[in-house]
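Enquirer: Pasting the sequence and the predicted model now:
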Amino acid sequence: MTVTVDAGVEMRILLDATRSEGACVSSHDRLGWVVHGRNEGYAKLIHLTEKDEEIKAARVSLGVLEPFLRWPLLWRRYFRLMEVCAEEMNNAKINVSNFCKLVRRGVEQGIKTGNGFLNDGKTFRGYPVVGYNHLMQSASGCQFDSRYKENDLCPWKAKKLKSNDTICGWDTQVNGVYYYHTSIAIPLSRITEAIRDLKQLRDMDPSAFCALESYVGVLFRYFKGSTDYLSHKEDSVVVEFNYFRYRELGRPRWNGHLMDEIEQMLLQKYGGVPHFGKNRVYTFDGAANRTANPGKFLEVKKHLDPKGYFSSGWSDGVLGIGKGLQIWRDGCALDGLCVCKEDRHCAPDKGFVCRAEKFGRMLMFACNCDTEKCNLSVMKSIYMTINVS
């Protein structure tokens, strides 16, 4: 079964329209898009199929090729998926503080209640959770609520929120959660080694991992290797985690050096590739060179858009053909704009300086606290922020 969709169609609407036919998305087959006619003075439509080499660039286009008009998708009969919980909470010996106790209670409650999963659509009785794949979305769709009309899916725009209103916590239109989102893919063949390194970092400072537990810990997603340009060269595991972020720039985070060290370890030691729609600025430096066939992608880009109408300084930097992406200024490392080289890249006035941490043969640079006093001060600030919000 093939379904052809126009540009701009929302995935939820598409899923709702096809589930009545008992179908779910499988893969894309071919696509067409509008292309500037270079010197012809008009736009022309190019239709790509699996036989065309350019389709390998189109699948991970980063928006720098051309605007898509239509994308035919392959569908198959929907099937059931099983979600299994494999938490081993007792293996981590946490140095419990008030903050860590608060976080741990939230983790235990999430495990007890299934983090929103339901066995029969009404209650959660335990893992495994089995359901149809088109309904097994981890987070999206929270803005949809049957109490509101279809043309009023954002009730907070028109009136004050009620206690039972349904919203997305990360929606920028509400004063919800605010965090950094790290998502870096490493080869599947090295995931055991990476987990061992993560545990070693944990054992060096167990209480620091409370900051990760407050955002459901470290997640792992699996991807097949592909020959598509800019994709993963081999079967990969995406190591993903969220952590606290201030709304003001230049403010140090409690044990923020841990997040920096994990990111640098995944990028440097394991040749990690950041998710192009997530992550902080500095992680994209040189990222394209660690993907599949970046040179061939640039050839297709030059052919389809020789004048760079769809490119920017940012996209050129990601692709490695422009200036470096890191932004050097006071406090840049605290905001993920750079990897610190000098103390001024951190917050020396608050006791946070740039330190080199040796991990195995690798040297990592992060903003660390000179004294425990300033670290506790930052933790208190985060604790108060969470309670206020």
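Expert: In hand now; what should we look at?

Enquirer: what about C354, neighbour count?
Expert: Around C354 there are 19 other residues, counting by other Cβ atoms under 10 Å. C-beta coordinates here come from the backbone N, C-alpha and C atoms, glycine included.

Enquirer: right, I mislabeled it, should have said L15
Expert: In terms of burial, L15 registers 18 neighbours under the definition other Cβ under 10 Å.

Enquirer: Check the gap between it and G121 for me.
Expert: L15 is 17 Å from G121, where distance means Cβ to Cβ, to the nearest Å.

Enquirer: Then L48?
Expert: When Cβ to Cβ is the yardstick, L48 and G121 sit 41 Å from each other.

Enquirer: And those two? Which one has more around it.
Expert: Each of L48 and G121 had its neighbours counted (other Cβ under 10 Å), and the higher figure belongs to L48 (18 against 7).

Enquirer: So in terms of bridging, what pairs with the more buried one?
Expert: Assessed by DSSP bridges, L48 has beta-bridge partners L31.

Enquirer: Test my guess that it contacts K56.
Expert: No - applying Cβ atoms under 8 Å as the test, L48 and K56 come out as separate, 9.7 Å apart.

Enquirer: Assess the claim that F117 and T123 are in contact.
Expert: No - F117 is not in contact with T123 according to Cβ under 8 Å; the separation is 10.2 Å.

Enquirer: which one of the two has more residues nearby?
Expert: Set side by side, F117 and T123 show unequal neighbour counts under other Cβ under 10 Å, the larger going to F117 at 17 against 9.

Enquirer: tell me the phi and psi of the nearest residue to the more buried one once chain neighbours are set aside?
Expert: Closest residue to F117 apart from its sequence neighbours, by Cβ to Cβ, 6 or more residues apart in numbering: V129 at 4.4 Å. For V129, the backbone dihedrals are phi -100, psi 120 (criterion: degrees, to the nearest 10).

Enquirer: Tell me, how many residues neighbour V129?
Expert: For V129, the neighbour count with other Cβ under 10 Å is 19.

Enquirer: go on, T182?
Expert: Neighbour number of T182 under other Cβ under 10 Å is 26.

Enquirer: part of a strand, is it?
Expert: Yes - with DSSP: H, G, I helix; E, B strand; the rest coil as the criterion, T182 is assigned to a strand.

Enquirer: Look at it and report its pLDDT.
Expert: At T182 the predicted local confidence, pLDDT, stands at 94.

Enquirer: cool, S27 as well?
Expert: On the pLDDT scale, S27 is placed at 50.

Enquirer: And E248, by the same measure?
Expert: The score at E248 is 84. That number is its pLDDT.

Enquirer: what about it, helix or strand, and which?
Expert: For E248, there is no helix or strand it lies in under DSSP states H and E.

Enquirer: Next one: it relative to D335, how far apart?
Expert: 10 Å.

Enquirer: neighbour-wise, which of these two wins?
Expert: When neighbours are counted by other Cβ under 10 Å, D335 comes out ahead of the other of E248 and D335, with 19 against 7.

Enquirer: what about the residue found closest to that one once you drop the neighbours it is linked to in the chain, how many neighbours?
Expert: Nearest-residue entry for D335: L249, 5.4 Å, with adjacent residues in sequence omitted and distances by Cβ to Cβ, 6+ apart. L249 has 11 neighbours, counted by other Cβ under 10 Å.

Enquirer: what's the spacing between the nearest residue to M362 once chain neighbours are set aside and D285?
Expert: Across the structure, with Cβ to Cβ, 6+ apart as the measure, the residue nearest M362 apart from its sequence neighbours is K269 (5.5 Å). As defined by Cβ to Cβ, K269 lies at a distance of 16 Å from D285.

Enquirer: Please, where are all the strands along this protein?
Expert: Secondary structure of the chain (DSSP state E): strands located at 2-6, 23-28, 31-36, 43-48, 68-77, 80-83, 129-132, 179-187, 219-223, 236-244, 273-274, 352-359, 362-369.
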